[in-house]
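Trainee: Provided below are the primary sequence and the corresponding predicted coordinates.
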Amino acid sequence: MKQKRASGTPRLLGIVWPFIAVVLFQALLGCMSLYMLSAVRGYVAGESLWSKGQKDAIYYLDLYADSRDPVIFEKYQQAIKVPEGGHRLRVALDQSPPDLQAAREGILQGGNNPDDVSSIIWFYRYFRNFSYLNTAVEKWTVGDDHLTRLNDLAQEMRRLISEGQVSTDDVKRWKSAIYAINESVTPAAKAFSDALGEGSRFILQLLVFINLATALGLIILALLRTHKILAQSREFAEALQVEKERVQVTLESIGDGVISTDVNGSIVYMNPAAEQLTHWKSEQARGVPLAALFKLLDEHALDDGFKLIDHILSGQLGNSSEHSKLIQRMDGSTVSVTLVGAPILHAGTVSGAVLVLHDMTRERQFIDNLSWQATHDALTGLANRREFEYRLELILQNLSRQQGRHALMFLDLDQFKLVNDTCGHAAGDELLRHICALLQSGLREGDTLARLGGDEFGILLENCPADAAEKIAEGLRQTVQSLHFAWKGRPFLNTISIGLVHIHQAPVTLETSMRAADMACYMAKEKGRNRVQVYHADDSELSLRFGEMAWVQRLHVALEENQFCLYSQEIALLNHEHEDGGHIEILLRLRDDKGGLIMPDSFIPAAERYGLMTSIDRWVVENVFKTISSYTALNKDQPMVMCAINLSGTTIGDEDFLAFLHEQFECYGVAPERICFEITETSAIANLGSAIRFINELKGLGCHFSLDDFCAGMSSFAYLKHLPVDFLKIDGSFVRDMLDDPINRAMVEVINHIGHVMGKRTIAEFVENPQIEHALAEIGVDYAQGYNVERPHVFTCDSLRRRPKRPKAFALKSPGTLR
C-alpha cells in the first residue's frame, strides 16, 4: 500500500485559494449589486423625468387650448418627447428579438444619462419578469396609454386650430379631456414609482443578506483552513522527524563512508563506514579539519593548489563523475577509494559539504580478475582467442610501417575426442594442460601461445625467419608425439596437426591470416594428420579449399536470408505410349549481390564437403511444396505435372529427413504421386543400403524416383537391379555427342534397352537440338530434357500446369520444324 505523503512544504496558493475565491465572489457580488442599484436608480430618475414631462405636456396643452399660440404647442411637443422616449424603450425591449438600438435612442430621448443606458437595458432584459419590475411595467403601460390619448387629442386640437374652426364647446371639451387624462395618469405614475421603490428595497435587503452570509462563510472557512494548516504542520513536523531518523539509520547502515563538514571544512558528522575507512571515531573527529583525517596520495587531478574541501564546495567533485584516489590514513596504511562530494546549499547559500568515500579494494580485485579472464583461458592459463587476435593485429599494423618476418601457427590435437569420449572430460583437461606445458617449453621467450577453443591452439612467432619457424613447428610436432600420456593405466598416443603461415609483407588482414592458418591446419589433417602444412598462396589445392570455406558462410547467409531461388525445366515425352500428365525438373539457383544467378556447380561442392546439403535440400522441398499447395488451392480441378526434386547423398542417409518429408506432405497436402525424387548414381551406390530403405519407404507413399547421371560410373548395371527406381536419366555426356560418336550412341541404346528390360523409363539429358531429339525418339528413349525442349525459367504456379502434347519427333518431315 502506498504511504500517504505527509512531509513537504505547503504551497501558499494551496492555503489561500478558498479565501481568494470567497473574496472574488464577494467583489463580484458587490459589483453586481452596485450595477443593479445603478440600474434601479436610472429607472427612478427616468420615472421622475417621465412624470415631469407628462405634467409639462398637460400644462402646455391646456394653455394651448386657451391661447392657441403655436409657440405653446411647440413647448408641448418638447415636453411630450420625454414620456415618448420611455414608451419607445419599453416597446423596443418587448420585441423578440429586442431592438437594442431603438431602446438606446428611447432612453436618451427620455433624458437619462448616457452612462445609465447599458444598466437600464440589462436590468429590463434580465429582470423583466421579476414581480416588482413586472408590476412597474404594467403601470408604465397604463401611463403610456393615457399619454397616447393625450397626444391624439393634441394633434386634433392643432388641426382644428390651424383650420380656424374652433368653437367654445370644442375648447370646453378639450379641457375636460385634458383634466381627465391628467387625473388618470397620475395614479399610474405613482404606482410605477412605488413598485420601483419596493423592488429597490427588496434588492437592498437581499444583497445585505447575501453579503452577511458570505462573510459568515468566510469566517467558517478561515477556521477550517487554519485547523487544517495546524494539523498539516504537526504532520510535517512528525514526518520530518521520521525522515531524520530514517536518514540517520540509512547513513549508519550503508557501506560507503559519509562525512559532512561545515563551510570551513570542519567535521560535523561521520557514519560508521567512514570511521572504519579513516580509523577515526566520529566523536574524536567532530570539529577537526577534513585534511587531518587522511592524505591524498594521487592528487594529479587536484594539483592546482586547491584543497579537497575547496573542490567539493566549488562543485568540482560532483555526482556526475567518480574520482578514484589512494588515501593514506594517519597510521600510514593506504586504501583505494572513489570520492564523490557536493556542497550543501541552504536558501541558495553554501552552508557545508558532504563527502562520500567508497572502498574500492574488492572492486579492484574483481577488475583485475575480470581483466585477466577476458584475455586468458581459465583451464590452461594461456592467452585466449581475443587476446591472440589483438596481438596478431598489432603485428600486422606494425608490418605496414616496418618490415619484419613473423609466423602464425594453428595447432589441432589429433583424435582428442577419443580421450574425452573414453575417459571423460577430466582426462581431456589434464591432457590439455600437459600439451600446453610441452608447447610452451618449445617456444622462444616473447612468443605467444594461446588456446583458441577446445583442442585448438594458436602460436605467434614474432621476428622469426621462415626456416626457423618451420623448424620450431616440426619440433613442437615431435615433442607432442613423444608425450606418453596415460589415464588410469590406459595409454594414449598423441599427435598434432599444424598449419603454418609466414607473414612478411603488407597488406595482410587479420581475417585473411587467421583463415589461411586454419585452412593449412585443415589440409594437414586431410593429408593424414601429425604433420606440418605450410601455407603458400599459389597452392592450388589450398586455394580450392580456401574458396570452399568462403562459400560456407555465404551459404549460411543465403539460407537465413532466403537468397536461393527455384527454376523449372520441362522433361518432354517422346514415346506417347506413356501418358503421365507432364514432367518437370526443379533446378536450384543462388542470387548474387547484384541480382545475378549463380549456378549450382559453383557452390554444391562446398555445401557437400561442409555438411550443408541437407539444409539446402530441406529448403528446396519446403518451397516446392508451398508452390504446389498454392497451385492446388487456386486450381482444384486442374491437372498438375510431376515435379522432380534433386536430393544429395548426404540427405538420403539422414534419418531425420524422412520424418521431415512426412511432415511436409501432411502440412501442405501434396499428393506423393506428383513428386519424383532424383538421386545421383554415385550417391546411391555410395549409400546403397540407406538409398534402398529411403526409396522403398517413400515409394510406399506413392512417390517416384529417378536415377540421375546413369552410367557416369562403370559399375552402374551391377547395382541397378537393387535400386527400385522408376526412371533412368542417361548421362548427358553420352547424349551430347551421340550424333558424331557411334560409341556414345551405342551407350544410349544399351542403357535405354536395359532400362526397358528392367521396367524403367528412360530420360535423356542435354537434348540441345532437334536432330538429337529425333535420334532419341528413333532409339525409343521415353523422355527428353534440354534446351531444345525448354530453357529453364523461374518456378511458379504456372510452371505446374500441364503442357500440350508435343508431336512425335520421328514423325516430322524435317528436324527444323521442331524449333
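Mentor: Happy to help now that I have it. Numbers count the residues shown, from 1 in each chain.

Trainee: for the residue nearest to the spatial centre of the chain, give its distance to residue 76.
Mentor: Centroid-nearest residue in the chain: residue 561, 21.7 Å away (criterion: C-alpha atoms, centre = their mean). From residue 561 across to residue 76, the span is 109 Å (C-beta to C-beta, to the nearest Å). (Glycine included, C-beta is placed from N, CA and C.)

Trainee: equivalent analysis for residue 197, please.
Mentor: Residue 197 is 30 Å from residue 76, by C-beta to C-beta.

Trainee: ok, those two, which is more surrounded?
Mentor: For residue 197 versus residue 76, the count of surrounding residues by other C-beta atoms under 10 Å is larger for residue 76: 24 against 15.

Trainee: host element of the more buried one?
Mentor: Per DSSP states H and E: residue 76 is located in helix 70-94.

Trainee: what angle do the helix or strand just after that helix and helix 70-94 make?
Mentor: Per DSSP H and E, the first helix or strand lying C-terminal to helix 70-94 is helix 100-109. Angle of helix 100-109 versus helix 70-94, following axes from the mean of the first three to the mean of the last three C-alpha atoms, to 10 degrees, is 140 degrees.

Trainee: and the helix or strand that helix 100-109 is followed by, what does it pack onto?
Mentor: Of the helices and strands lying after helix 100-109 in sequence (DSSP H and E), the nearest is helix 117-127. Applying 3 or more C-beta pairs under 8 Å, 6 or more residues apart in numbering; DSSP states H and E, we find helix 117-127 packed against helix 12-67, helix 70-94, helix 100-109, helix 131-163.

Trainee: average pLDDT for the first one?
Mentor: Right, the one you point to is helix 12-67. Helix 12-67 shows a mean pLDDT of 76.

Trainee: that one: how far from the chain's middle?
Mentor: 69 Å (C-alpha atoms, centre = their mean, to the nearest Å).

Trainee: again with the third one
Mentor: Its chain's average C-alpha position is 70 Å from that of helix 100-109, according to C-alpha atoms, centre = their mean.

Trainee: what's next to that helix, contact-wise?
Mentor: 46, 81-82, 84-93, 114, 116-117, 120-121, 124 (C-beta atoms under 8 Å, 6 or more residues apart in numbering).

Trainee: now do the buried residues in it.
Mentor: 103-107, 109 (16 or more other C-beta atoms under 10 Å).

Trainee: hmm, residue 766 is touching residue 730, no?
Mentor: No. Between residue 766 and residue 730 there is no contact under C-beta atoms under 8 Å: 9.2 Å.

Trainee: so where's the chain shaky on pLDDT?
Mentor: Residue ranges of the chain with pLDDT under 70: 1-15, 132, 298-311, 313-324, 506-507, 538-550, 576-580, 712-718, 806-819.

Trainee: re earlier: go through the helices and strands packed on helix 117-127 and name the closest to residue 209.
Mentor: Residue 209 lies closest to helix 12-67 among these, at 11.2 Å (C-beta to C-beta).

Trainee: one step back: so among the contacts of helix 100-109, which ones count as buried?
Mentor: For the contacts of helix 100-109, buried by 16+ other C-beta under 10 Å: 46, 82, 84-90, 92-93, 116-117, 120-121, 124.

Trainee: in the stretch 401-550 of the chain, mark out all the strands, start to finish.
Mentor: Taking DSSP state E, counting those that start in this stretch as the test, the strands found in the stretch 401-550 of the chain are 406-413, 448-453, 456-461, 484-487, 490-493, 496-503, 532-534.

Trainee: which strands border the shortest one, and is each parallel or antiparallel?
Mentor: Within its sheet, and counting by DSSP bridges, strand 532-534 is paired with strand 496-503 (parallel).

Trainee: one more: the fourth one?
Mentor: According to DSSP bridges, strand 484-487 forms sheet pairs with strand 490-493 (antiparallel).

Trainee: list of residues touching the strand it pairs with?
Mentor: 418-419, 422-423, 431, 484-486.

Trainee: let's see that with 7 Å instead.
Mentor: Strand 490-493 is contacted by residues 419, 423, 484-486 when judged by C-beta atoms under 7 Å, 6 or more residues apart in numbering.

Trainee: quick one, which of the strands of the stretch 401-550 of the chain gets closest to residue 631.
Mentor: strand 448-453 (48.1 Å).

Trainee: the inter-axis angle of the closest one versus strand 456-461?
Mentor: Calculated by the same axes, to 10 degrees, strand 448-453 forms an angle of 160 degrees with strand 456-461.

Trainee: against which helices or strands is strand 448-453 packed?
Mentor: In terms of contacts (3 or more C-beta pairs under 7 Å, 6 or more residues apart in numbering; DSSP states H and E), strand 448-453 is packed against helix 385-401, strand 456-461.

Trainee: gap between residue 167 and residue 521?
Mentor: Separation of residue 167 from residue 521 (C-beta to C-beta): 152 Å.

Trainee: residues contacting the nearest residue to residue 724 once chain neighbours are set aside?
Mentor: For residue 724, ignoring the flanking residues on the chain, the nearest one in space by C-beta to C-beta, 6 or more residues apart in numbering is residue 695 at 5.5 Å. Listed by C-beta under 7 Å, 6+ apart, the contact set of residue 695 reads 705, 723-725.

Trainee: residue 405 and residue 503, how far apart?
Mentor: Applying C-beta to C-beta to residue 405 and residue 503 gives a distance of 8 Å.

Trainee: neighbour count for those two, which is higher?
Mentor: residue 503 (23 against 17).

Trainee: dig out what that one forms beta bridges with.
Mentor: Residues in beta-bridge contact with residue 503 (DSSP bridges): residue 406.

Trainee: so for residue 167 and residue 521, which residue has more residues nearby?
Mentor: With neighbours defined as other C-beta under 10 Å, residue 167 and residue 521 compare such that residue 521 has more, 26 against 9.

Trainee: so the more buried one touches residue 501, yeah?
Mentor: No. Between residue 521 and residue 501 there is no contact under C-beta atoms under 7 Å: 9.7 Å.

Trainee: which neighbours do those two share?
Mentor: Contacts common to residue 521 and residue 501, judged by C-beta under 7 Å, 6+ apart, are absent.

Trainee: where's residue 361 relative to residue 328, distance?
Mentor: 14 Å.

Trainee: who's more crowded, these two?
Mentor: Neighbour count, other C-beta under 10 Å: between residue 361 and residue 328, residue 328 has more, with 13 against 10.

Trainee: give me the three-state assignment for the more buried one.
Mentor: strand (DSSP: H, G, I helix; E, B strand; the rest coil).

Trainee: distance of it relative to residue 293?
Mentor: Taken as C-beta to C-beta, the span from residue 328 to residue 293 is 11 Å.

Trainee: quick one: list the elements packing against the longest helix along the chain.
Mentor: Identified as the longest helix of the chain according to DSSP state H is helix 168-253. Packing partners of helix 168-253 (3+ C-beta pairs under 7 Å, 6+ apart): helix 12-67, helix 131-163.

Trainee: list the contacts of residue 691.
Mentor: Residue 691 sits next to 652, 679, 684, 723 when contact means C-beta under 7 Å, 6+ apart.

Trainee: could you verify my assumption that the third one touches residue 724?
Mentor: No. With the criterion set as C-beta under 7 Å, residue 684 and residue 724 do not qualify as a contacting pair; they are 11.0 Å apart.
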